[in-house]
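In: Sequence first, predicted model second:
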Amino acid sequence: SMPLLLGVASETLAGERRLPVVPDVLKKYQSLGVVLQMQQGAGRPAHYGDDAFAGVSWSADAASVYSGADLVLCVQPPPAESLAAMKPGSVLVGMLQPWADAERVKLLQQKQITAFALELLPRISRAQSMDVLSSQAAVAGYECALIAADHSPKFFPMLTYAAGTIRPAKVLVIGAGVAGLQAIATARRIGAQVEAYDVRPETREQIESLGARFVDTGVAAAGTGGYARELTDEEKARQAERLGKAVAQCDALITTAAIPGKRAPRIITADMVARMKPGAVVVDMAAETGGNVEGTIAGEKTWIGEVLVIGPTHIPSRMPVHASEMLAKNLYNFISPFIKDGTLALDWEDEVMAGSCLTHAGEVRHAGVKAALGL
């Protein structure tokens, strides 16, 4: 029988530099009897030349990768013409932005493609090693702390020099999920004084364990599945008032509140930005999904008065080597348990697999996506 053909084509989205398989992880697939068919140059944006991938079957174009593969790995959702080239019954695994595009979901359905969107991964402990959102959020949090430090007109650490002592910069991080915690840890490592805020009270311990101070607004919004619930108007007003004070005192503000498939919540108003110190820096990690800060422009650095507001996009692509390594391991951990003797044996009893399935056998399998897109 033919070995399982794993396809990886070049990413087409401008600014995307990550890769869904790296040479070390390729060896693991090969030990399971899988053959990788890859588009020439696909690894180059992540600094992997073709020669880094031993034992690969090379294709000059994307079409032959998509039409030949039994299993396709991707970082961003492939373009429609690539999905249309896939064999019926073939499997697609990656970040598919399931809520973004009803037409794409319909195409996957019509083409009888079995698609797994890793944004849909159940939030259970067994799935942590597959969690692409968490691994890439760690990259983004680290990067955003560096962006803030790089653009601040102040030193982050306390500094003693011949003529005296420089006080450390004050950094405020909003949102203490994976990205926020990484931003806190990185800003602390550089030596800043860090405060952090999250509406989920259970994050206080994690924030304090990293040596940061928890900003207590008296508003608690523990929700389900690790995300926060919506706040009432009264809670929003109280949060805004207490938060406004902390924002006004900081030298750098990093906001990290984003929920997959939803617009980013607006947390920092124009009024709060207006009360910040001259030379303060804001890094809005949620810029791509509308931003947490009023006035953020995705992909731009904007001066609002004397405050610099930065809306970085494609943040994990700023360090594609390690971001790709993390992503490749997440994807491998998700799909490898179902590769037996060089063939793919999907197990629908497995709650991680069943829960991440977007489409299969001409059906939209995920109830939440189906309802959200009206399919």
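Out: On my side now, so go ahead.

In: So which other helices or strands are in contact with the longest helix along the chain?
Out: Longest helix in the chain by number of residues (criterion: DSSP state H): helix 132-151. Using 3 or more CB pairs under 8 Å, 6 or more residues apart in numbering; DSSP states H and E, the elements in contact with helix 132-151 are helix 178-190, strand 252-255, strand 281-284, strand 307-310, helix 320-335. Yep, even glycine has a C-beta here, placed from its N, CA and C like the rest.

In: Tell me the helices and strands packed up against the fourth one.
Out: Pointing back at strand 307-310 there. Applying 3+ CB pairs under 8 Å, 6+ apart, we find strand 307-310 packed against helix 132-151, strand 281-284, strand 301-304.

In: if we can go back for a sec, for the record, mean pLDDT for the helix or strand following the longest helix of the chain?
Out: Downstream of helix 132-151, the next assigned helix or strand under DSSP states H and E is strand 159-161. Mean pLDDT, strand 159-161: 96.

In: what does stretch 361-375 give?
Out: The average pLDDT for stretch 361-375 rounds to 91.

In: related to what we said a few turns ago, out of the helices and strands packed on strand 307-310, deepest packed?
Out: strand 281-284 (a mean of 29; mean count of other CB atoms under 10 Å).

In: Would you format the helices and strands packed on strand 307-310 as TSV with mean pLDDT and distance to residue 7 included?
Out: As requested, the helices and strands packed on strand 307-310 are arranged in TSV below (pLDDT from 0 to 100; distance: least, CB to CB, whole Å):
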stretch	mean pLDDT	distance to residue 7
helix 132-151	98	18
strand 281-284	98	36
strand 301-304	98	38
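
In: Make TSV out of the helices and strands packed on helix 132-151 and add distance to residue 3.
Out: Listed next are the helices and strands packed on helix 132-151 as TSV, based on distance: least, CB to CB, whole Å:
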stretch	distance to residue 3
helix 178-190	36
strand 252-255	46
strand 281-284	46
strand 307-310	47
helix 320-335	15
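
In: Show me the one of the ones you listed that comes nearest residue 107.
Out: For residue 107, the closest of the helices and strands packed on helix 132-151 is helix 320-335, at 21.5 Å, according to CB to CB.

In: So residue 175 sits against residue 198, correct?
Out: Yes: counting by CB atoms under 8 Å, residue 175 does reach residue 198; the two are 5.9 Å apart.

In: between those two, which one's more packed in?
Out: residue 175 (29 against 25; other CB atoms under 10 Å).

In: Please name the spatially closest residue to the more buried one (chain neighbours excluded).
Out: For residue 175, ignoring the flanking residues on the chain, the nearest one in space by CB to CB, 6 or more residues apart in numbering is residue 256 at 3.7 Å.

In: Quick check: phi and psi on that neighbour?
Out: phi -130, psi 20 (degrees, to the nearest 10).

In: Report the contact partners of it.
Out: Listed by CB atoms under 8 Å, 6 or more residues apart in numbering, the contact set of residue 256 reads 137, 140-141, 144, 173-177, 179-180, 183, 285-286, 292.

In: Residue 247 now?
Out: Contacts of residue 247 (CB under 8 Å, 6+ apart): 172, 253, 268, 272-273, 275-276.

In: now swap in residue 214 and tell me
Out: Residue 214 neighbours (CB under 8 Å, 6+ apart): 195-197, 203-204, 207-208.

In: Buried ones among those residues?
Out: Neighbour counting with 16 or more other CB atoms under 10 Å marks 195-197, 203-204, 207 as buried within these.

In: Where do the helices of this structure begin and end?
Out: Using DSSP H, the helices of the chain run over 23-31, 62-68, 80-85, 102-110, 132-151, 178-190, 204-209, 233-249, 270-274, 320-335, 351-356, 367-373.

In: can you redo those helices as TSV with distance to residue 39?
Out: Converted to TSV, the helices of the chain look like this (distance: least, CB to CB, whole Å):
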stretch	distance to residue 39
helix 23-31	14
helix 62-68	5
helix 80-85	11
helix 102-110	21
helix 132-151	21
helix 178-190	31
helix 204-209	41
helix 233-249	46
helix 270-274	44
helix 320-335	15
helix 351-356	25
helix 367-373	28
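
In: Can you tell me which of the ones you listed is most buried?
Out: Among those, highest average neighbours (mean count of other CB under 10 Å) belong to helix 178-190, with a mean of 24.
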